[in-house]
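Enquirer: Whatever this is, show me its structure:
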Amino acid sequence: MDLRIESFLEMMSAERGAAKNTLESYRRDLEDAAGFCKAHQSTLQEASTDLLRDYLASLADAGFATSSQARRVAALRQFYKFLYLENLRSDDPTITIDSPKKEASLPKIMSVTETSRLLDLAAEEAAEGIGTPRAIRIHALVEVLYATGLRVSELVSLPVEVAKRDDRFFIVRGKGNKERLVPLTAPARAAMKRWLAARKLQGDEDSPWLFPAASETGHLARQVFGRELKELAARAGIASAKISPHVLRHAFASHLLQYGADLRTVQQLLGHADISTTQIYTHVIEERLVSLVNDHHPLADLPR
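Expert: Coordinates of the predicted model:
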């Protein structure tokens with residue numbers, strides 16, 4: 001038992017109110033580091049920066065996820081801060097140690113075929129003569145979402161005025177209270193026209209919201225839309241775990257890039273303030289460029 005680790009855990013419990021699971025996580029991480037130090041003729045309290053770097057490198061070599069490595073670094077930083085403040089050590093060996101960067105996670109993306117199947121079913125269920133107001137609404141929602149790439153919060157809270165100005169596009173007020181223009185596809189315009197008629201028949205003509213509902217806000221809740229979207233996906237034979245409003249937003253961006261749109265245009269349509277946010281989709285551009293060169297370069301198929 002390392003008395004310094006025990007003292008540190010007691011401090012975290014008494015002064016920071018750390019939960020039991022947090023304390024156990026710190027204990028495991030610090031005891032693992034202490035074992036590494038002992039195997040290299042040192043103690044955790046006396047470990048040098050180089051020895052700690054070697055320890056973290058051993059985690060990477062062992063295949064630990066970057067999130068696990070980052071958690072170990074955080075535990076070590078807290079531990080050495082404690083030693084320094086308690087005058088048990090005159091320096092902090094973790095000051096120059098960087099946390100490993102998390103791998104950029106690629107967004108979940110639906111294929112064009114899956115998206116088409118989803119939209120086709122929504123249109124079929126909303127068809128005149130059999131479509132209920134709910135079916136007509138979900139059809140309008142998915143068509144507009146896939147046509148514009150709106151954030152789900154932007155979509156469900158659209159004021160009805162945006163649909164009455166010009167059916168060719170919406171003017172959306174997004175993050176930072178900034179407005180942007182998003183064009184509508186022909187299917188989205190048709191679905192929206194049908195929804196406006198159904199909305200009027202429901203007696204919602206006086207509501208200020210495009211998608212009114214009996215909720216605290218007065219408009220459709222994002223959770224309700226998410227649930228109805230998953231139900232639609234299940235009926236279309238698409239795993240419900242694979243889809244959400246945000247996944248459809250990703251599909252909008254990815255499919256545009258896949259078929260030739262440039263990153264700056266997609267940035268504007270998504271309402272990203274910084275293009276670095278949009279660059280999670282660069283893998284789509286890279287794949288398209290590789291395919292372009294392989295398919296059209298005159299010497300691409302010649303043996304070397």
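
Enquirer: And the pLDDT for residue 297?
Expert: pLDDT for residue 297: 50.

Enquirer: gap between the two ends of stretch 85-95?
Expert: In stretch 85-95, first residue to last residue: 14 Å (Cα to Cα, to the nearest Å).

Enquirer: What of stretch 196-215?
Expert: So stretch 196-215: terminal residues 19 Å apart, Cα to Cα.

Enquirer: Give me the buried positions along it.
Expert: 196, 198-199, 204, 207, 209-213 (16 or more other Cβ atoms under 10 Å). Where you see a C-beta, it was placed from the backbone N, CA and C, and this is true even at glycine.

Enquirer: ditto for stretch 73-82
Expert: 73, 75-80, 82.

Enquirer: Now intersect the buried residues of stretch 196-215 with the helices, please.
Expert: Among those, the members found in helices (DSSP state H) are 196, 198-199.

Enquirer: Tell me the predicted confidence for the most far-flung residue of the chain relative to its centre.
Expert: Here the chain reaches farthest from its C-alpha mean at residue 41, the gap being 44.4 Å by Cα atoms, centre = their mean. Per-residue confidence (pLDDT) for residue 41: 95.

Enquirer: How about the contacts made by it?
Expert: Contact partners of residue 41, counting by Cβ atoms under 8 Å, 6 or more residues apart in numbering, are absent.

Enquirer: Also the one 5 residues further on?
Expert: Taking Cβ under 8 Å, 6+ apart as the definition of contact, the neighbours of residue 46 are residue 37.

Enquirer: circling back: pipe the ones in helices among the buried residues of stretch 196-215 into a markdown table and attach distance to residue 32 per row.
Expert: Output for those, formatted as a markdown table (distance: Cβ to Cβ, whole Å):
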| residue | distance to residue 32 |
| --- | --- |
| 196 | 62 |
| 198 | 61 |
| 199 | 60 |
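
Enquirer: Can you show me the helices along the stretch 151-300 of the chain?
Expert: Assigned by DSSP state H, counting those that start in this stretch, the stretch 151-300 of the chain shows helices spanning 152-156, 162-165, 186-201, 222-235, 245-258, 263-270, 275-278, 282-296.

Enquirer: quick one: low-confidence ranges for the protein?
Expert: The model of the chain has pLDDT under 70 over residues 1, 102-108, 128-130, 274-304.

Enquirer: and the closest residue in space to residue 40 that isn't next to it in sequence, how many residues sit next to it?
Expert: Excluding the flanking residues, the one nearest residue 40 by Cβ to Cβ, 6 or more residues apart in numbering is residue 51, at 6.1 Å. Counted with other Cβ atoms under 10 Å, residues neighbouring residue 51 total 17.

Enquirer: same question, the one 10 residues further on
Expert: Applying other Cβ under 10 Å, we find 8 other residues in the vicinity of residue 61.
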